[in-house]
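Colleague: Based on what follows, work out the 3D shape:
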Amino acid sequence: MKVWILRHGEAEGHAPTDAERNLTEHGRAEVLRSAAHLIGQPLGAIIASPYVRAQQTAQLVRHVLGFQADIVTVPWLTPDGDVQQVLKKLDSDDDVLLVSHQPLVGSLISFLQHGHQRQPQPMYTASLAQLEGGLSVGGVDESGGCEESLTHSNCGSWLACDGGLTGDASLPDTPRSKCGSGLAREGGLAVNTVGLCVYPLLR
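Modeller: Model (predicted):
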């Protein structure tokens with residue numbers, strides 16, 4: 001499963017409510033540049049926050065990609081969304097694009113990378129991140145430890161249990177590759193995750 005995470009483009013500073021803020025012209029241009037990284041990707045769905053700026057961002061991407069399906073609008077991608085709820089909703093093999101906000105996007109990426117949310121990934125407006133791996137709810141063995149099976153791709157290796165990080169030195173049998181892989185467990189939710197790539201805006 002490949003998950004693309006896109007923060008909305010730059011938005012106006014004022015509106016009757018935060019949810020009603022529109023993208024600026026600069027924000028629209030930012031989104032169009034980021035959308036170029038998604039051309040040719042086999043997305044199964046574009047899932048977006050109901051906030052106006054996220055909806056506008058998602059529609060711009062949909063137009064650039066010629067994506068036929070409608071945008072899926074969900075309440076769990078708002079700025080104060082819960083990371084574990086997002087992961088449970090993504091219990092699927094489909095490649096998806098999530099269009100959301102800070103602080104949720106930074107916390108989600110941090111958890112998928114490190115098994116905790118203490119160091120949120122910086123994500124500027126229209127920043128795009130790609131994560132690849134497998135998500136499984138309740139994928140914890142009966143002893144309460146992490147599952148041993150790991151997936152591997154081209155980015156670091158780690159194994160995180162209960163929010164703690166164990167380095168490769170204690171995992172001599174873990175295959176090493178150019179980049180990384182790992183399994184994180186927090187609150188009964190196990191996440192196999194490999195590889196984070198944050199794409200710079202094309203200038």
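
Colleague: low-scoring pLDDT stretches of this protein, where are they?
Modeller: 93, 133-203 (pLDDT under 70).

Colleague: what's the longest helix in it?
Modeller: helix 52-65 (DSSP state H).

Colleague: tell me what the helix or strand just after that helix is packed against?
Modeller: Downstream of helix 52-65, the first helix or strand assigned by DSSP states H and E is strand 72-73. Identification of packing neighbours for strand 72-73 by 3 or more CB pairs under 8 Å, 6 or more residues apart in numbering; DSSP states H and E yields strand 45-48. C-beta coordinates here come from the backbone N, C-alpha and C atoms, glycine included.

Colleague: Which strands or helices does the strand it packs on pack on?
Modeller: With contacts defined as 3+ CB pairs under 8 Å, 6+ apart, strand 45-48 has these neighbours: helix 52-65, strand 72-73, strand 96-100.

Colleague: Of the ones you listed, give the one that comes closest to Leu112.
Modeller: Ranking the helices and strands packed on strand 45-48 by proximity to Leu112 (CB to CB) places strand 96-100 first, at 11.5 Å.

Colleague: rewinding a little: and the angle for the longest helix of the chain with strand 96-100?
Modeller: Relative orientation of helix 52-65 and strand 96-100, computed by axes from the mean of the first three to the mean of the last three CA atoms, to 10 degrees: 150 degrees.

Colleague: before we move on, back to that, ranking the helices and strands packed on strand 45-48 by burial, who's on top?
Modeller: Comparing the helices and strands packed on strand 45-48 by mean neighbour count (mean count of other CB atoms under 10 Å), strand 96-100 comes out on top with a mean of 26.

Colleague: How about residues contacting it?
Modeller: Around strand 96-100, the neighbours that count as contacts under CB atoms under 8 Å, 6 or more residues apart in numbering are 2-8, 38, 43-49, 54, 57-58, 61, 77-79, 81, 86, 90, 105, 108.

Colleague: hmm, try it at 7 Å
Modeller: 3-8, 38, 43-49, 54, 57-58, 61, 77, 90 (CB atoms under 7 Å, 6 or more residues apart in numbering).
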